[in-house]
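Colleague: next input, structure requested:
(3 chains)
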Amino acid sequence: MKKIVCRCHDVTESDIEDAIDSGYDDFESLKRITGITTGQCQGKTCMDLARGILERKTGKPVTQTTRIRSPIDPITLGSLVKSTAKKK
Amino acid sequence: MADEELKAVQRGYNTREELEELNVLPPEEIVASKRIAMIECTEEIPCNPCAYICRVDAITKDSLSAPPIVDWEKCTGCTACVAVCPGLSVFLQQIKDGKGYVTLPYELLPAPKDGDRVELQDRSGAVVGEGVIVKPTYQARGDAYPRWVVTVEMDDPALSYEVRSIRILGDQK
Amino acid sequence: MVDWRIYEHPILEFDRGEEVTIYLDGEPMKAFESETVAAALYANGLREFSKSIKYRRPRGFFCAIGRCSTCMMEVDGVPNVRTCIVMVKAGMRIKRQKYLAEYLSPILNLMKLPPQVYMRLMTRPGIIYKPAMMVMRQLTGLGAFPKKVLDPPPQNQGAQGEISTEFLIVGGGPAGMQAAIEAGQRGISVVIVDDKDRLGGQLVKQTHTFFSDIKYAAGKRGFKLGEEMISQLDQLPNVRVITETSAVGYYPKEDIMLLKGPNNTTLKVNAKKYLVATGAYEKTLVFENNDLPGVYGAGGVQTLLNVFGIKPGNRGILLGTGNVALMVAYHLIQAGIEVAGVYAPSFRRVRGYFVHAAKIQRHGVPVVTRHTIVKALGRKEVKGAIMTKLNTDYSHVPGSQFKVDCDFICIGVGLNPAYDLVQLFNPKMVRSGVLGGFVPIRDKTYRFAENAYIAGDCGSIEEATTAVLEGGLAGLHVTEALDIRSEEISEKITEYEHALEEDRSSPFSAGLKTAMNEITVDDIMEVLT
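Modeller: Below is the predicted model:
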């Protein structure tokens, strides 16, 4: 019986709680150690849930989202390269 | 807190007593004299199609969000507001020749037919009796996509204070 | 043969287009042209679309809008296709991505590796990386590369374009469309993009009639309102509509918005003004087995029901008592599906409009506050749910657990403003519980960055009707910012502002109004620098 927080990387509630207990108690490091918000969906479901868990465990409000960078929607490397290539 | 009594807003529907207290239900003598609209819309929400559609100005709203007030004298029971209310919270009631009549909006299948037998449900959804559909009309007003406006007849006139929904059983007169 | 399609509906008529045959692992299935691959498979009874990456848990249809990635399958030889956003074509061959991992994952799970290790195993030394990666790819079930170059190659693969325009609107929902209408009617050249195959946003699945002032949208059914707005846009030659295209990124240095269209095409757009009207994402809940096929977002269920005309199941429960959950319950009743109950932990009141709750209860669907879900039952798909009563501190009342039989669970616990595209403009973000999540500080003209504006749910979670008004206002303010001014425009702005004020005059919006005032400033540039 698992409680899934991140569907893309199969991160469970207890994975996140364990990570917070081991000291990763701010959102950026939590993201790096568990891989949440870095999957296919870029955190559309897990960010809110993980933030809730973090706030519950630490008692501190999370006031920042993670840093967002382009691309925000999956795109093939081929078309990304093509679109940025300099025209001759 | 065990099973303390839930308030209307926690329950999500009103009881007849609550509505009487809020002065939403028309007085008995009017129900006995004509078909009359009652709007079980007791909460302040920004909405006004009922007041807009009423041809005799029987429905007034002090502001966009104020609950609507029905003028029992002016209302002609024309069903326009039943067809237009986005909250499906307008009903008509009448007691005539010892029988109760309730007119309600209906957006489900099967499509109602004259003479269909129905199960009558009260505000909580509990089945309180059986009735017969009289004159269902398919109406489209105020740009609303059409919906059925159905009048049901019931033998016990007291039920007309409770019945707010129907489940169609089929036409076995 | 199983068919979950709805052929009789009291409100909607489904125009499904031509019937075609598609193949799942070689087995023929009935599909219609207007359906996505995922919808067609669902209608044929498929519930498990893929297995999850680590624990190999069954995953199915979830978001229905190309976000969650749990419906990835191999389509015509291409692995990892999100089947919920690819339309059906005759003769399409779809395969489940089942590889080595089926057999090996139990062993790997026993090793109890933390997820980050699992993802980064065997990357060093370089010499074993390549063969190891081939094994890892199969382990994770991420599909196999095509054996040879696809023949014929997909059309327009990677083609690119560049355009510039005065006003680019991202998001074709009520806010984006109204902004396009207002700016377009005043001669601005507008480009509006949306990632679906049609404009309308979430309006297309809203079969209920709206509240609000009759002058605007009240009394209209959502999808009708959407159709009307689309036909208004059709009459404006200076408004260019681009569908099936999503915003991938915004690059401030180049002032370019990168868009991605079908078949991996890209489009670079430079605009004088941008409007972000990307709407919201659904919130979800953490409970045991919350990823089981059969646990859906309310939006996904609405899409299945009202866009494709497919039943999500025979008997379901809803979680949440906001307007979304209450409306979806009503939509399910209309489609003839049994709703076992609407459950939510709310204590003070039913969160949505009272009339919505009353409307479903009189049809015999109980709205049960002070309850929450403990777990979803079932191994391959939902077979039931265990619910519990709550104490006022949200702890479970001991011994109050009970089982509800159902074959789907629909989560409608609220929305989060879509925060991602907004943030690429480097705005000042604040978190507001009342407004739904992270939203940018903006000024009275809805500007939140130098050239960017915001409207609709991505700026504050509200109703579709308020999104229309906000969109209209943003469109008019952009028009003014592009130096087209007239008395008519300022009158229209006053009219919209008044309507918005009225719409927010109920006690429901009291907190929202305060929160909006807090995040609205006089000079946005002062805040940003």
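Colleague: now the phi/psi pair for the residue most central in space within chain B, please.
Modeller: When chain B is reduced to its mean C-alpha position, the closest residue under Cα atoms, centre = their mean turns out to be B:Phe91, at 1.7 Å. Backbone geometry at B:Phe91, expressed as degrees, to the nearest 10, gives phi -130, psi 150.
Colleague: touching, it and B:Ala37? I think so.
Modeller: Yes. Contact criterion Cβ atoms under 8 Å: B:Phe91 and B:Ala37 qualify, at 7.4 Å. All C-beta spots, glycine's among them, are computed from the backbone N, C-alpha and C.
Colleague: so where is chain B shaky, pLDDT-wise?
Modeller: B:1-4, B:140-145, B:172-173 (pLDDT under 70).
Colleague: please enumerate the helices of it.
Modeller: B:8-11, B:16-21, B:28-33, B:49-53, B:80-84 (DSSP state H).
Colleague: please, where are all the strands along chain A?
Modeller: For chain A, the strands defined by DSSP state E cover A:4-6, A:11-12.
Colleague: hmm, back to that, between B:Phe91 and B:Ala37, which contacts overlap?
Modeller: Shared contacts of B:Phe91 and B:Ala37 (Cβ atoms under 8 Å, 6 or more residues apart in numbering or on different chains): B:Val82.
Colleague: give me every residue that touches A:Lys60.
Modeller: Residues in contact with A:Lys60 (Cβ under 8 Å, 6+ apart): none are found.
Colleague: again, but for C:Ser400
Modeller: C:Thr388, C:Lys389.
Colleague: residues touching the strand ranked longest in chain B, excluding its own?
Modeller: If you go by DSSP E, chain B has its longest strand at strand B:127-139. Applying Cβ under 8 Å, 6+ apart, the contact partners of strand B:127-139 are B:79-80, B:83, B:101, B:106, B:111-122, B:146-156, B:159, B:162-163, B:166-169, B:173, C:364.
Colleague: surely B:Ile24 meets B:Glu40?
Modeller: Quick fix: residue B:24 is Val, not Ile. Yes. In this structure, B:Val24 is within contact of B:Glu40 by Cβ under 8 Å, at 6.0 Å.
Colleague: against C:Leu390, how distant is the residue lying closest to C:Met177 once chain neighbours are set aside?
Modeller: Excluding its sequence neighbours, the residue lying closest to C:Met177 (Cβ to Cβ, 6 or more residues apart in numbering or on different chains) is C:Met229, at 4.4 Å. Remark: distance between C:Met229 and C:Leu390 (Cβ to Cβ, to the nearest Å) = 42 Å.
Colleague: counting neighbours, go ahead and name the busier of these two.
Modeller: C:Met229 (25 against 20; other Cβ atoms under 10 Å in any protein chain shown).
Colleague: looks to me like the more buried one is in a helix.
Modeller: Yes. Assessed by DSSP: H, G, I helix; E, B strand; the rest coil, C:Met229 belongs to a helix.
Colleague: what about it, distance to C:Val239?
Modeller: Taken as Cβ to Cβ, the span from C:Met229 to C:Val239 is 11 Å.
Colleague: shared neighbours of these two, which are they?
Modeller: Contacts common to C:Met229 and C:Val239, judged by Cβ under 8 Å, 6+ apart, are C:Ile181.
Colleague: and C:Pro440, how far is that from C:Gln178?
Modeller: According to Cβ to Cβ, C:Pro440 and C:Gln178 sit 20 Å apart.
Colleague: neighbour count: those two, which is higher?
Modeller: Neighbour tally, C:Pro440 and C:Gln178, criterion other Cβ under 10 Å: the higher count belongs to C:Gln178, 30 against 26.
Colleague: and the more buried one, what element?
Modeller: helix C:174-185 (DSSP states H and E).
Colleague: which parts of chain A are helices?
Modeller: Assigned by DSSP H, the helices in chain A fall at A:13-21, A:27-34, A:46-58, A:77-84.
Colleague: need those in a markdown table with mean neighbour count, mean pLDDT and distance to chain B, can you?
Modeller: Putting those into a markdown table (neighbours: other Cβ atoms under 10 Å in any protein chain shown; pLDDT from 0 to 100; distance: least, Cβ to the nearest Cβ, whole Å) gives the following:
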| stretch | mean neighbour count | mean pLDDT | distance to chain B |
| --- | --- | --- | --- |
| helix A:13-21 | 19 | 92 | 28 |
| helix A:27-34 | 18 | 89 | 35 |
| helix A:46-58 | 20 | 92 | 23 |
| helix A:77-84 | 15 | 74 | 42 |
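Colleague: export those to a markdown table and tack on distance to C:Asn314?
Modeller: A markdown table is the format used below for the helices of chain A (distance: least, Cβ to Cβ, whole Å):
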| stretch | distance to C:Asn314 |
| --- | --- |
| helix A:13-21 | 30 |
| helix A:27-34 | 37 |
| helix A:46-58 | 29 |
| helix A:77-84 | 43 |
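Colleague: nearest to chain C, out of these?
Modeller: Nearest to chain C among the helices of chain A is helix A:77-84; the distance by Cβ to the nearest Cβ comes to 4.0 Å.
Colleague: which other helices and strands does that closest one contact?
Modeller: Using 3 or more Cβ pairs under 8 Å, 6 or more residues apart in numbering or on different chains; DSSP states H and E as the contact test, the elements touching helix A:77-84 are strand C:160-170, strand C:266-276.
Colleague: and the angle for the helix holding C:Gln178 with strand C:266-276?
Modeller: Angle of helix C:174-185 versus strand C:266-276, following axes from the mean of the first three to the mean of the last three Cα atoms, to 10 degrees, is 100 degrees.
Colleague: mind listing residues that contact helix C:174-185?
Modeller: Here helix C:174-185 makes contact (Cβ under 8 Å, 6+ apart) with C:167, C:169-170, C:190, C:192, C:194, C:199-201, C:203, C:225-226, C:229-230, C:232-233, C:236, C:238-239, C:275, C:277, C:279, C:455-457, C:464-465, C:467-472, C:474-476, C:478-479, C:492.
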